[in-house]
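Novice: next one to model:
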Amino acid sequence: MSNTPTVNSGLDIPESIVSVLFPISDCGLLTSQNASALTLINFNEKNLPNTTSATPVTWLENEKLFTPATGMINDPNKSSFLRSQCPIPPLSEIEDILDKAKAAHESGHKSFLYLIKDTHMRLPLWVLTYWKYVYTIKTHQDLWRRAKQWLHDHSFIGRDVTFFNAVPWQWSSQNLGDALYLTKFLSDQWLGAENVNQMLARAGILQELH
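Specialist: Numbering: from 1, shown residues only. Okay, here's the model as predicted:
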């Protein structure tokens, strides 16, 4: 699945809401496939839900979890609630429920019930897509920021802006991996056994391609 916050139909984040959930001057600079690593590095993570305090959630059984009713926060003016007031569950739980949500959507369901302060709130299915994307952003942002700091620590100040602005943080290749792979070579462990093995494997792939 692509890192971009879209999956299919009812699991897509509505365009009118994306700018509320990712509040920068142009949210496309962050969410598009060509969005640069520099934009990701500079994005203020305080505009996203806090994932460090994520705690396990008591989920309802499938037949009770999903509902054909419309979610309660499909209005852009209400969706900001997700950024600061709605606790986000652990990533493993999001991925599990998201898989179930795809089948539920095909059966005509539009929302799911989520326990918040002893009350089940009806949230649209696309909230699951948003939550997973929040984790993706934070994981990538942390590694790219470490890579940027590594360049500074090794006297590459001035070159980092050009480099990070040229690399799309969501770029990926079936044979060569993804942009996140590059961050492994911007650290003191870049000649570790794992990285060397990966380089050799990719070299073999390139030889086969030629």
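Novice: which positions in whichever helix in the chain runs longest come out as buried?
Specialist: Ranked by residue count and defined by DSSP state H, the top helix of the chain is helix 126-153. Within helix 126-153, the residues scored as buried using 16 or more other C-beta atoms under 10 Å are 126-138, 140-141, 143-145, 147-148, 150-151. Glycine gets a C-beta too; all of them are placed from N, C-alpha and C.
Novice: report the contact partners of Arg83.
Specialist: 21, 47-49 (C-beta atoms under 8 Å, 6 or more residues apart in numbering).
Novice: need the three-state assignment for it.
Specialist: Three-state assignment for Arg83 (DSSP: H, G, I helix; E, B strand; the rest coil): helix.
Novice: what's the spacing between it and Arg146?
Specialist: Using C-beta to C-beta, to the nearest Å, Arg83 is found at 25 Å from Arg146.
Novice: who wins on neighbours among the contacts of Arg83?
Specialist: Among those, Leu21 has the most neighbours (other C-beta atoms under 10 Å), with 24 neighbours.
Novice: not counting its neighbours along the chain, what's nearest it?
Specialist: Among residues not flanking Leu21 along the chain, Tyr130 sits closest, at 5.9 Å (C-beta to C-beta, 6 or more residues apart in numbering).
Novice: how far away is the one you found from Ser36?
Specialist: Distance from Tyr130 to Ser36, counting by C-beta to C-beta: 22 Å.
Novice: mind giving me the domain split of the chain?
Specialist: 9-134, 141-209 (automatic domain parsing).
Novice: just name the most buried of the ones you listed.
Specialist: domain 9-134 (a mean of 16; mean count of other C-beta atoms under 10 Å).
Novice: pLDDT on that domain, on average?
Specialist: Averaged over domain 9-134, pLDDT sits at 89.
Novice: also stretch 165-175?
Specialist: 79.
Novice: for it, C-alpha coordinates in PDB please.
Specialist: Output in PDB follows, covering the C-alpha atoms of stretch 165-175 (Å, rounded to 0.1, in the frame of the first residue of the first chain):
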ATOM      1  CA  ASN A 165      14.900  18.800  -1.100                       C
ATOM      2  CA  ALA A 166      15.700  16.500  -4.100                       C
ATOM      3  CA  VAL A 167      14.600  13.200  -2.500                       C
ATOM      4  CA  PRO A 168      10.900  12.400  -2.400                       C
ATOM      5  CA  TRP A 169      10.300  10.800   1.000                       C
ATOM      6  CA  GLN A 170       7.600   8.500  -0.400                       C
ATOM      7  CA  TRP A 171       9.700   7.300  -3.300                       C
ATOM      8  CA  SER A 172      10.000   3.500  -3.700                       C
ATOM      9  CA  SER A 173      11.300   1.000  -6.200                       C
ATOM     10  CA  GLN A 174      10.500  -2.700  -6.200                       C
ATOM     11  CA  ASN A 175      14.100  -3.600  -6.900                       C
END
